[in-house]
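S.K.: Give the three-dimensional model of this entry:
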Amino acid sequence: MTQTHEAAANGSLEQSQVYLRSWRLAVVITSLCFGILLLGLDMNIIGVAIPRITTDFHSLNDIAWYGSAYLLTITAFQPLFGNLYKFFNAKAVYIASLLIFEVGSVICAVSQYSAILIFGRAFLGFGAAGLLQGALAIIGLSVELDKIPLYQGIVVSSLGVSVCLGPILGGVLTDHASWRWCFWINVPVGVCVVFIVFLFVHIGESSNRSNRDLPLRSKLNHMDTLGTNLFLGAVCCLLLVLQMGGQKWPWQDSRCVGLFVGFALLTGCFALWQWRRADMAIIPFRILRKRSIGMGALVLFSLGMSSQTYAYYLPLYFQSVPGVSTTDSGVRFIALVLPQIVGLVIVGAIVTKWGYYVPWIVAGIVITSIGAGFLTTIGIATSTPVWATFMVINGIGIGMAQQLPYTALQAVLEPEDVATGNAIAVFSYQLGGALGVGIGQNLLLAKLMTSVPAHTNAVSPLQVISIRATGLSNIAPSAEVLGDLRMAYAEAVRDPLILALAAACLAFPFALAMERLNLIDVAEERKRRSEHLRSTSVSDAKHASQHEIVQ
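M.R.: As a prediction, the model looks like this:
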């Protein structure tokens, strides 16, 4: 009798997560890297293919939608996937996200009409919304708390690789095969990732047990359909006005005003609804009010705006000002991406060993802000060693700071709330990046309207905007005019780079406000608490069995 009760107690309490080791861990981390690489490639490979797509579909007016449809769903569905990872098995949700991503890729690859391609991009973005969260969730469930920064750094660094590889691969596939291969390439890699995750990722039954044991009806109620729709509508209004405002529609146009008003009203309704639902909300305020969560989200928002602005406008600078090809601009971008990867991995390893992460976030923001300040000075006469040095400084800083807010939420949240924290963090980064690209585009086009006439009257600003950066030599009647257009573009690109500098600096006070915890201390405290609960439960079981024997 006594042994039975002790076994029951130990069985109920020791169903803790079995952490991965050795080759199994290496295989899982590698597969997650490939999953994140797919996510990053899809974000960066499409840009160089769009001119060929618009030619095939005669769909010049749909250019904005090829990007907006994807950004809309990948941003707006982050909170929904946060709840899915919170209440359902992380492995199953991740595989489902990958399969949706794969189906979306196939829809895009076989589409015969522009509208179908736009739908495929939206569907693909819906699946992509769960990939980064899923990778973070699986890492959190596969390794000890104090080792999370190292493995998060390794996996998140795949995004940096994709920023560089995407334009190069997209250019090669579009020029030598077909733009459809920009989507077909996702299929074999995605199938391999699904296969590896299915075989090698094992998540203990007790992980997040309190949430996963809820009845299905209760779980579905937590999905908050109304809140998701309000959130989707608000993000849709915001991204649409940033894509169309100042370009297709004047800012004072009633449609722009209506979208801004719609965004404000829907955001207000969403916030009120979340407050009323309390713990049933897709973004519970009790989690958002934690200093490291709220401030970490603002850090990621700011760094996302800065880094995504560089990802979009530095290649534009290389293609317009020095006038290099799409492939060469991708090669030059290695100067920012490679130091970023090095910073991610090295700082992740140091935090794993030392435990403190906030000082590295602050130091990284300072370094990336210095590099961002230098990058605002580049122009038509900037030599390769100079711009490369500036990009290296900026990349090291971004790599040091960018993944550590994800680590912070692991330290301040209980395991059952980590999925929601991941959703808030990933959404903040995605939203910052989307706004950075949208605002930067408006700054660039507005500046071109004044910088082109300031340098030459041979070509109109509208001609320059319509031909885009890679076509300047096609509209310039002479080498002298081409030089003037390159100078005009150099001035115009500086405005988005100033935006990136401002965003990087904005992250500094938010980083200072984060809680200064030590991961090693937090991990040891949780281990002691778990052991205390286990010993208490075993003791209670012994007393219960003795009581039964006496009776």
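
S.K.: what residues go with each domain of the protein?
M.R.: Annotated domains of the chain cover 17-210, 226-283, 287-517, 525-551 [automatic domain parsing].

S.K.: Show the low-confidence segments of the stretch 401-550 of the chain, by residue range.
M.R.: 468-470, 530-550 (pLDDT under 70).

S.K.: Tell me how many other residues crowd the closest residue in space to residue 113 that isn't next to it in sequence.
M.R.: Of all residues not flanking residue 113 in the chain, residue 57 sits nearest, at 6.9 Å (C-beta to C-beta, 6 or more residues apart in numbering). In this view, the C-beta of every residue, glycine as well, is placed from N, C-alpha and C. Per other C-beta atoms under 10 Å, the neighbour tally for residue 57 reads 16.

S.K.: and what of residue 26?
M.R.: Burial of residue 26 is recorded as 12 neighbouring residues (other C-beta under 10 Å).

S.K.: What of residue 524?
M.R.: Count around residue 524 with other C-beta under 10 Å applied: 14.

S.K.: Contacts only, for it.
M.R.: Contacts for residue 524 (C-beta atoms under 8 Å, 6 or more residues apart in numbering) come out as none.

S.K.: ditto for residue 180
M.R.: 108-110.

S.K.: Out of the residues you listed, which comes closest to residue 128?
M.R.: residue 108 (12.1 Å; C-beta to C-beta).

S.K.: That closest one contacts residue 122, correct?
M.R.: No. Residue 108 lies out of contact with residue 122 (C-beta atoms under 8 Å); the separation is 10.1 Å.

S.K.: May I ask which helix or strand encompasses the spatially most central residue of the chain?
M.R.: The chain has residue 430 as the residue nearest its centroid, 4.8 Å off, counting by C-alpha atoms, centre = their mean. Counting by DSSP states H and E, the element that carries residue 430 is helix 418-455.

S.K.: Just the buried residues of the helix or strand following that helix, please?
M.R.: Using DSSP H and E, the helix or strand that follows helix 418-455 in sequence is helix 461-467. Within helix 461-467, the residues scored as buried using 16 or more other C-beta atoms under 10 Å are 461, 464-465, 467.

S.K.: one step back: figure out which of the domains of the chain is closest to residue 220.
M.R.: Of all these, domain 17-210 comes closest under C-beta to C-beta, at 8.9 Å.

S.K.: returning to what we had before: let me know which of the domains of the chain is the nearest to residue 219.
M.R.: Judging those by C-beta to C-beta, what sits closest to residue 219 is domain 17-210, at 4.5 Å.

S.K.: For that closest one, what is the distance to the chain centroid?
M.R.: Offset of domain 17-210 from its chain centre (C-alpha atoms, centre = their mean, to the nearest Å): 10 Å.

S.K.: Near residue 73, how many other residues are there?
M.R.: 23.

S.K.: so it sits in a strand?
M.R.: No. Counting by DSSP: H, G, I helix; E, B strand; the rest coil, residue 73 is located in no strand; its state is helix.

S.K.: Helix or strand next in line after the lowest-mean-pLDDT helix or strand in the chain, which one?
M.R.: The helix or strand of the chain with the poorest confidence is helix 2-13; it has a mean of 40 (mean pLDDT, DSSP states H and E). Counting by DSSP H and E, the element after helix 2-13 in chain order, helix or strand, is helix 22-57.

S.K.: In this structure residue 255 contacts residue 261, no?
M.R.: No. The pair residue 255 and residue 261 fails to qualify as a contact (C-beta under 8 Å) at a distance of 10.7 Å.

S.K.: follow-up on the earlier one: pipe the buried residues of helix 461-467 into a markdown table and attach distance to residue 514 per row.
M.R.: Converted to a markdown table, those look like this (distance: C-beta to C-beta, whole Å):
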| residue | distance to residue 514 |
| --- | --- |
| 461 | 44 |
| 464 | 44 |
| 465 | 42 |
| 467 | 46 |
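
S.K.: what's around the nearest residue to residue 397 once chain neighbours are set aside, how many residues?
M.R.: Spatial nearest neighbour of residue 397, excluding adjacent residues (C-beta to C-beta, 6+ apart): residue 368 at 2.7 Å. Close neighbours of residue 368, defined as other C-beta under 10 Å, add up to 33.

S.K.: Contact partners for residue 368?
M.R.: Residue 368 neighbours (C-beta under 8 Å, 6+ apart): 303, 306, 393-394, 396-398, 400-401, 504.

S.K.: so which helix or strand takes in it?
M.R.: helix 358-375.

S.K.: Name the residues of that helix that are buried.
M.R.: 358, 360-362, 364-375.
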